[in-house]
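A.B. asks: Fold the following.
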Amino acid sequence: MRKRSVKQKKKPPQAKPKAPSPQRKQVALSPKEAPVSQTRSAARKESRDALITLVCTCIVCACMGLALLVAWVKLDHHAPPYRGGPIHAGPGPGPGPEDSDTVSLAKGFAYYTGLGRPQNMEIAFLHFSNAADKGSASAQYQVGIMLSRGEGARRDMEKALFWLRKAASQGHVDAQIALGTLYAEGEGGTPQDKAEAVNWLRALAGQGNTDAQDVLKELEKDMATDTLPEEELLARAYASLEGKGVPQDKAEAARWFRKAAIKGNVHAQWQLATLCDEGDGVPQDKKKALDWLLRAAKDSHVEAMRRLGLLYAEGSDLVKRDRGLAANLYSKASEKGDGEASFLLACLLDAGNGVLQNKAKALALYHMAANLHYPPAAYRLGKVYSRGEGVDPDQEQAAFWFQRAAEQGNADAQYVLGQLYAEGNGVPQDLHEAARWYSKAAELGNKDARMALQREDIRKAHEENAAAH
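C.D. replies: Have a look, this model is predicted:
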């Protein structure tokens, strides 16, 4: 028995030492034990059968996955990685005529996500388009979303809605929610149509889709207040913005401003443009800000015309620089009594920057802006008369305008006025008055004024001023 035991220990590990021996199977069972043994045997058999079924299923799935991978490799992986250049159909990164909708969809997602190949939105769009043309609802949805965002193709909301509708009509849930949301909010060039939005969302909400339920809830809440007059919508917006009578909530303010803006209220359009531009209460969105700004400026809102003029004067990613158009906008705002717009127009005319130079008109506009209490205009007039730019030099007139700007809180004017009193230029010499204006300018951060206060005579006068008070 010992020898047999040693030999058994040398058996390979695959052997199952706990497996029942043939002799054990032949042991007779008592009448009491027989039913229990048979039950256990049946249970073991069922477990074994279930395991075999699971293994077979896994093998089949693996084979199918391998077959798809081989097909994909044959169709597309023979091509070199995309390195830029023209995109075309046929062999290479673009879709081939033999590609099925399933293959094109898979390739589209690969290029879209950058999994297994370089990420490329343009090629992804081509593959999605190929699958969409062949009837794939998922591809149609993807094409619609990419067109709405300008990913891989030029942004085109009309085409985006077309493809989203095709996907939604096939029961694609995300497409239905996207359509409902776009029509509910009327953004990105989509015409606002709340009835259309409700049509797409109501069925989904009834089926328990929580995303559709959330959008529908907000939509119905909005529709309940759409009958309110503009004035009440605007009042609610300002109340939320400033916290008057209600807790301050800028997101809620933006919602009310938007309702009033859609109804054509120019003040709401201006406020919404400002909130979108600054990302205050809403996600920052310069494009939306510009859209609302254009609407407000078209309706002759003074601040909107001036702000739009500044954008055109400087140029940006959203607008091409056009100082002629900027001058036109400044002029319209100036005619409505805006001092800053009058000053900005004067600067363009003074320098001939994008418009015909006209110093006489510029001087008149500087005077207009200064008399409308715009401090930079008064300071500019002080420099004009001090230097004799287009006028005879007049130091007393210069001092008058520097004093006007200084009294309105212009730090540069306060520093210059300090110099004039220190030197007696255009005003009687007065070191105490010089020290007073230097001190005011220094408090506003003027570095030259701080240095001037270190002069012995000015420092002494400043100390005497402090002692007198």
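A.B. asks: any idea how this structure splits into domains?
C.D. replies: 99-225, 228-292, 300-372, 393-469 (automatic domain parsing).
A.B. asks: Turn those into TSV, columns for mean neighbour count and distance to residue 387.
C.D. replies: Glycine gets a C-beta too; all of them are placed from N, C-alpha and C. Below are the domains of the chain laid out as TSV (neighbours: other Cβ atoms under 10 Å; distance: least, Cβ to Cβ, whole Å):
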stretch	mean neighbour count	distance to residue 387
domain 99-225	18	51
domain 228-292	18	37
domain 300-372	19	13
domain 393-469	18	7
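A.B. asks: Switch the ones you listed over to JSON lines; also include mean pLDDT.
C.D. replies: Formatted as JSON lines, the domains of the chain follow (pLDDT from 0 to 100):
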{"stretch": "domain 99-225", "mean pLDDT": "82"}
{"stretch": "domain 228-292", "mean pLDDT": "83"}
{"stretch": "domain 300-372", "mean pLDDT": "93"}
{"stretch": "domain 393-469", "mean pLDDT": "94"}
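A.B. asks: Out of those domains, which gets nearest to residue 379?
C.D. replies: domain 393-469 (4.0 Å; Cβ to Cβ).
A.B. asks: what's the span of the closest one from first residue to last?
C.D. replies: In domain 393-469, first residue to last residue: 37 Å (Cα to Cα, to the nearest Å).
A.B. asks: centre of the chain versus it, how much separation?
C.D. replies: 47 Å (Cα atoms, centre = their mean, to the nearest Å).
A.B. asks: And residue 378, how close does it get to residue 429?
C.D. replies: Distance from residue 378 to residue 429, counting by Cβ to Cβ, to the nearest Å: 23 Å.
A.B. asks: same check, this time on residue 390
C.D. replies: Per Cβ to Cβ, residue 390 is found 29 Å from residue 429.
A.B. asks: Check residue 155 too.
C.D. replies: 66 Å.
A.B. asks: The spatially most central residue of the chain: what's its closest spatial neighbour, skipping adjacent residues?
C.D. replies: Central residue of the chain (Cα atoms, centre = their mean): residue 285, 4.2 Å from the mean position. With Cβ to Cβ, 6 or more residues apart in numbering as the criterion, residue 285 has its nearest non-adjacent residue at 4.9 Å, and that residue is residue 276.
A.B. asks: contacting residues for that neighbour?
C.D. replies: By Cβ atoms under 8 Å, 6 or more residues apart in numbering, the residues touching residue 276 are 282, 284-286, 288-289, 292.
A.B. asks: Quick one: the helices in the stretch 51-200 of the chain, in order.
C.D. replies: 101-113, 121-133, 137-149, 157-169, 173-185, 194-206 (DSSP state H, counting those that start in this stretch).
A.B. asks: Kindly calculate the angle that the fifth one makes with helix 137-149.
C.D. replies: Our comparison of helix 173-185 with helix 137-149, counting by axes from the mean of the first three to the mean of the last three Cα atoms, to 10 degrees, yields an angle of 30 degrees.
A.B. asks: what angle do helix 173-185 and helix 157-169 make?
C.D. replies: 130 degrees.
A.B. asks: What lies in contact with helix 173-185?
C.D. replies: By Cβ under 8 Å, 6+ apart, helix 173-185 touches 137, 140-141, 144-145, 148, 161, 164-165, 167-168, 188, 190-194, 196-198, 200-201, 203-204, 209, 211-212, 215-216, 218-219, 222.
A.B. asks: buried stuff in the one helix or strand residue 378 maps to?
C.D. replies: Assessed by DSSP states H and E, residue 378 sits inside helix 375-387. By 16 or more other Cβ atoms under 10 Å, the buried positions in helix 375-387 come out as 375-386.
A.B. asks: and of those residues, the nearest to residue 423?
C.D. replies: Looking across the buried residues of helix 375-387 and measuring by Cβ to Cβ, the closest to residue 423 is residue 386, at 12.1 Å.
A.B. asks: So which elements touch the helix holding residue 378?
C.D. replies: Judged by 3 or more Cβ pairs under 8 Å, 6 or more residues apart in numbering; DSSP states H and E, the packing partners of helix 375-387 are helix 339-351, helix 359-371, helix 395-407, helix 411-423.
A.B. asks: Now tabulate these in JSON lines and tack on distance to residue 123.
C.D. replies: JSON lines is the format used below for these (distance: least, Cβ to Cβ, whole Å):
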{"stretch": "helix 339-351", "distance to residue 123": "47"}
{"stretch": "helix 359-371", "distance to residue 123": "55"}
{"stretch": "helix 395-407", "distance to residue 123": "60"}
{"stretch": "helix 411-423", "distance to residue 123": "56"}
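A.B. asks: what's the closest non-adjacent residue to residue 211?
C.D. replies: Excluding the flanking residues, the one nearest residue 211 by Cβ to Cβ, 6+ apart is residue 177, at 5.4 Å.
A.B. asks: hang on, I meant residue 396
C.D. replies: Nearest non-adjacent residue to residue 396, counting by Cβ to Cβ, 6+ apart: residue 426, 4.9 Å away.
A.B. asks: Could you pull up the residues touching the one you found?
C.D. replies: Residues near residue 426 by Cβ under 8 Å, 6+ apart: 386, 395-399, 420.
A.B. asks: try 10 Å this time
C.D. replies: Contact analysis of residue 426 by Cβ atoms under 10 Å, 6 or more residues apart in numbering lists 382, 385-386, 394-400, 402-403, 417, 420.
A.B. asks: ok, now residue 377?
C.D. replies: Shown in contact with residue 377 (Cβ under 10 Å, 6+ apart): 339-340, 342-344, 346-347, 365-371, 401, 404-405, 408, 410.
A.B. asks: The nearest residue in space to it that is not next to it in sequence: what's it in contact with?
C.D. replies: Leaving aside its chain neighbours, residue 377 sits nearest to residue 369 (3.4 Å; criterion: Cβ to Cβ, 6+ apart). Residue 369 makes contact with 334, 338-347, 375-378, 380-381 under the criterion Cβ under 10 Å, 6+ apart.
A.B. asks: now swap in residue 152 and tell me
C.D. replies: Shown in contact with residue 152 (Cβ under 10 Å, 6+ apart): 87, 108, 111-112, 120-129, 142-143, 146.
A.B. asks: How about residue 450?
C.D. replies: 415, 438-439, 441-443 are the contacts of residue 450 under Cβ under 10 Å, 6+ apart.
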